[in-house]
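Asker: Quick one: sequence plus predicted model below, questions after.
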Amino acid sequence: MATVRRLRTYDRFAAEAQHLREHFDARFLDPRRADEGRFVWDYWHVPGQYTALRTPAWRYFPEPLYRAFHERLVRFGREMLGCHDVSPPWMSNYIDGCEQRLHGDLPHGPFAFVFSLTPWRTRAFTGGETLLLREETLDFWSRFESVRSVEEREVVEAVEPVFNRLTVFDPRIPHGVRRVEGTRDPRFGRLVIHGWFVQPRPFVEGPMTTGELRRALDGLGKALPDVVGGAPVAGVYSVRFKVRATGAVDKAALLADTLRISGGDEAELRRVRRRLAATIAGFTFKKQKGASTVTLPIVLER
């Protein structure tokens with residue numbers, strides 16, 4: 001199971017991708033045709049920051065088609081991140097001159113996503129990559145060497161919006177979209193559905209009652225100040241573990257970890273992670289009729 005930290009991509013994510021794309025293409029097939037389906041786009045322009053065409057994704061597509069895709073996103077968020085839902089997604093189209101300058105998304109949700117419907121391999125434009133500042137840039141001076149030059153690729157990480165790719169990242173990291181140049185035809189621009197995974201909360205599958213899970217989590221809440229020890233840590237630490245019929249906890253699998261510490265004390269951050277893992281491993285539950293599986297996102301804020 002791959003842990004989501006600052007950034008992860010998932011190719012061939014949705015079986016619905018081709019049908020979503022075909023619906024978009026059909027609406028733009030005849031540029032002289034005027035119908036209500038063509039008048040749903042907002043030209044979003046904030047000088048010096050954002051320029052794109054956008055529309056609410058859930059209103060754009062036929063309801064059964066969009067619902068299947070939306071449910072897939074929700075399942076992913078629950079299984080891989082411990083997030084209950086997704087924000088109402090936007091669909092954005094980037095043609096010549098469109099871009100997003102670097103910014104951070106706070107407090108929209110603990111994880112951002114970009115799902116691409118862009119025919120990337122046959123694109124007729126330059127730009128369009130999702131850009132994120134690299135860890136080395138965010139902590140630039142601790143790794144600085146006066147004898148080494150620095151170029152853009154060493155400062156910014158670029159993620160190509162390959163067709164049917166889901167990109168998930170920590171939205172606190174300054175990020176943007178490289179300026180698109182080369183086409184004014186919406187059919188040949190950068191087309192993405194994007195939003196945030198939201199509402200991190202525990203899930204339980206099996207005979208364990210929600211009351212029993214709540215009791216254990218009440219204990220975790222009381223223990224967290226000692227676990228963190230006053231360290232200036234913020235982020236999400238999501239795990240999944242099994243609870244045996246005896247009430248004992250099996251080793252937890254780490255799903256997502258976006259914990260960061262102010263001041264750059266990485267040794268202290270490692271200690272917090274070890275204490276979190278030990279606390280979860282030490283959970284005890286009442287005996288049950290069978291095994292249960294718990295997905296637990298722990299949110300630390302400053």
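Answerer: In hand now; what should we look at? Numbers count the residues shown, from 1 in each chain.

Asker: Kindly indicate whether the residue lying farthest from the centre of the chain is helix, strand or coil.
Answerer: Largest separation from the mean C-alpha position in the chain: Arg32, at 37.8 Å (C-alpha atoms, centre = their mean). Secondary structure, DSSP: H, G, I helix; E, B strand; the rest coil: Arg32 is coil.

Asker: what pLDDT does it get?
Answerer: Note for Arg32: predicted pLDDT of 87.

Asker: distance of the nearest residue to Tyr66 once chain neighbours are set aside from Arg67?
Answerer: Nearest non-adjacent residue to Tyr66, counting by C-beta to C-beta, 6 or more residues apart in numbering: Trp58, 5.6 Å away. For every residue, glycine as well, the C-beta is placed using N, CA and C. Taking C-beta to C-beta, to the nearest Å as the measure, Trp58 falls 9 Å from Arg67.

Asker: higher neighbour count, the two?
Answerer: Higher neighbour count among Trp58 and Arg67: Trp58, with 16 against 13, using other C-beta atoms under 10 Å.

Asker: isn't there a helix covering the more buried one?
Answerer: Yes - Trp58 forms part of a helix when assessed by three-state DSSP.

Asker: so Asp85 touches Pro200, yeah?
Answerer: No - the pair Asp85 / Pro200 is not scored as a contact, 9.9 Å apart, by C-beta atoms under 8 Å.

Asker: Between these two, which is the more surrounded one?
Answerer: For Asp85 versus Pro200, neighbours defined as other C-beta under 10 Å are more numerous around Pro200 (23 against 17).

Asker: neighbours around the closest residue to the more buried one other than its chain neighbours, how many?
Answerer: Take Pro200 and drop its neighbours on the chain: the residue closest to it by C-beta to C-beta, 6+ apart is Pro297, 3.8 Å away. Number of residues near Pro297 (other C-beta under 10 Å) recorded here: 22.

Asker: Contact partners for Pro297?
Answerer: 81-83, 110, 200-202, 236-238, 256 (C-beta atoms under 8 Å, 6 or more residues apart in numbering).

Asker: again, only using 10 Å
Answerer: 78, 81-84, 110, 199-203, 236-240, 255-256 (C-beta atoms under 10 Å, 6 or more residues apart in numbering).

Asker: and what of Thr279?
Answerer: 219-220, 223-224, 226-227, 298.

Asker: try it again with 8 Å
Answerer: With C-beta under 8 Å, 6+ apart, Thr279 has these contacts: 220, 223, 227.

Asker: Could I get those in a markdown table, plus columns for pLDDT?
Answerer: Shown next, in a markdown table, are the contacts of Thr279 (pLDDT from 0 to 100):
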| residue | pLDDT |
| --- | --- |
| Leu220 | 81 |
| Ala223 | 84 |
| Val227 | 88 |
